[in-house]
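Q: Structure of the sequence below:
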Amino acid sequence: MGTLISELPQGGYRGRLAPSPTGLLHVGHARTFWTASQRAREAGGVLILRMDDLDPERSRAEFADAAIEDLRWLGIRWQEGPDRSDRQEKPGAYGPYLQSKRHEIYESALRRLIRRGYVYPCRCTRKDLALAASAPHEGASGDAPGGATDDEPIYPGTCRSFDVELAQLPGPTSSRFTPENVNWRFRVPDGVAVEFHDLNLGPQRFVAGKDFGDFLVWRRDNVPSYQLASAVDDGMMQISEVVRGADLLKSTARQILLLRAMGYPAPNWFHCELVADHNGQRLAKRHDALALRALRQRGITPMKILSAGLPVVA
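A: Coordinates of the predicted model:
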C-alpha cells in the first residue's frame, strides 16, 4: 500500500524557516535557510519564520534572537513571523509563530487523533522520550556517523492494546496532563509504505515496521513531540513546500501520516544535502567554530558562507 501525497494548499506558494533555538545557527543552517528563501522568492510566494521553541529544557530566548539576527545578516527576509508586530496575531492570521505559544492548538490536534483512533496511550519508559520534543537532528544521536540521526527505536507495540478509556485525555472536560500520566504514540499500520517525491533528492520510500514504527506524538510531561507540532503547524499555516535537511527524510514519512490523519494536504518536499566537517560528521550546534556568529567575527562574508567553496573545517 502506498501513500503518495503532493496536493498543494490553495493560496499560492508558502514556505517556512523553522529554526530551533537550542544553539547558534551554523553553516548548514545558513545554506538550507537560504535555499528556502530563494525558492520562495523565485515562486513569488510568502516566506514565514516559525520559531520551533518546543523543547522547554533547551530552548533559549537568546538563541531565538540570535537566529533572527543571523538570518537577517545573511540577507534572508520573511513576510510573517514572531518579529512582525501584531499584524500576524490578529484573527484570521496564521500566528502565533512561536511553538511555545501554540500548546492548546497541539492539544486540540491530539484530541482529534485520539477520537479518530490514530493514537494510543503508552506507559513504557524509553530513552527516546527525552528526544521527542526536539527535532531528531537536535538530539543526542546527532553525533552519529554519516548523519543518520532521523530515527527513534522501532517500537515493539507493547502498549498497542492499552485501553484508551483508562488514560487521562486532554481537554476542557479533564485536567491537563501531568508527568505521572501516559505518553501517546501514533499507530503505524505494519507494512504500509509511505512514498513521496522529493524535489531535490527524487523518489523516497519508507516502510512501516521496517524503517520506522509507532512514534511518539505526546510526552508524559505534557510536551508535544516534534513530529506532531511540525505537522500541525505546516498544515494550519498552509505551508506548500518544506525545505529542510536530508537528515529529516524519515520525519517526512511520519509527518505525512499525521497530516493525512488530521485531514491536511501534504506540502511538497525539498531536502537539502547535509554539510559536513573535515571528519565527515554532519554539522551540529556543538560546532562552535562554524557557528555563524564565529564566522562573522572572523570577517567571513555571507556570500562566502553560502558558496559551495567555503572550506568546512572546525
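
Q: Which stretches in the stretch 151-300 of the chain count as helices?
A: Assigned by DSSP state H, counting those that start in this stretch, the helices in the stretch 151-300 of the chain fall at 226-236, 249-262, 292-297.

Q: helices or strands next to the first one in the packing?
A: Here helix 226-236 touches helix 103-115, strand 215-218, helix 249-262, going by 3 or more CB pairs under 8 Å, 6 or more residues apart in numbering; DSSP states H and E. Any C-beta I mention is one placed from the backbone N, CA and C, and that applies to glycine too.

Q: picking that back up, for the helices of the stretch 151-300 of the chain, state which one has the densest average packing.
A: Counting by mean count of other CB atoms under 10 Å, helix 226-236 has the highest mean neighbour count of the helices of the stretch 151-300 of the chain, with a mean of 24.

Q: how many degrees apart are that helix and helix 103-115 in direction?
A: Angle of helix 226-236 versus helix 103-115, following axes from the mean of the first three to the mean of the last three CA atoms, to 10 degrees, is 100 degrees.

Q: coming back round to it: let me have the helices and strands packed on helix 226-236 in JSON lines, extended by mean pLDDT.
A: Shown next, in JSON lines, are the helices and strands packed on helix 226-236 (pLDDT from 0 to 100):
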{"stretch": "helix 103-115", "mean pLDDT": "95"}
{"stretch": "strand 215-218", "mean pLDDT": "94"}
{"stretch": "helix 249-262", "mean pLDDT": "97"}
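
Q: With distance to Leu24 as extra columns, can I get these in TSV?
A: As requested, the helices and strands packed on helix 226-236 are arranged in TSV below (distance: least, CB to CB, whole Å):
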stretch	distance to Leu24
helix 103-115	26
strand 215-218	27
helix 249-262	22
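
Q: give me the number of residues near Phe63?
A: By other CB atoms under 10 Å, 20 other residues sit near Phe63.

Q: same check, this time on Pro302
A: Using other CB under 10 Å, Pro302 has 17 neighbouring residues.

Q: repeat for Cys272
A: The number of residues near Cys272, taken as other CB under 10 Å, comes to 20.

Q: Just list the residues touching it, thanks.
A: Contact analysis of Cys272 by CB atoms under 8 Å, 6 or more residues apart in numbering lists 31-32, 35, 200, 243-246.

Q: One more pass at 10 Å, please.
A: 28, 31-36, 200-201, 243-248 (CB atoms under 10 Å, 6 or more residues apart in numbering).

Q: Using neighbour counts, trim the residues you listed to the buried set.
A: Neighbour-count burial (16 or more other CB atoms under 10 Å) is assigned, among the contacts of Cys272, to 28, 31-36, 243-248.

Q: and the gap between the residue lying closest to Thr32 once chain neighbours are set aside and Arg50?
A: Leaving aside its chain neighbours, Thr32 sits nearest to Cys272 (4.7 Å; criterion: CB to CB, 6 or more residues apart in numbering). Distance, Cys272 to Arg50, using CB to CB, to the nearest Å: 18 Å.

Q: Likewise for Ala30?
A: Look at Ala30 and Arg50: by CB to CB, they are 17 Å apart.

Q: returning to what we had before: ok, which of the helices of the stretch 151-300 of the chain comes nearest Gly75?
A: The closest of those to Gly75 is helix 292-297. By CB to CB, the value is 12.4 Å.

Q: Who's the closest spatial neighbour of Pro302, skipping the chain neighbours?
A: Once flanking residues are discounted, Pro302 sits nearest to Leu74: 4.8 Å by CB to CB, 6+ apart.

Q: just Tyr97 next, same as before
A: Pro82 (4.3 Å).

Q: That'll do, ta.
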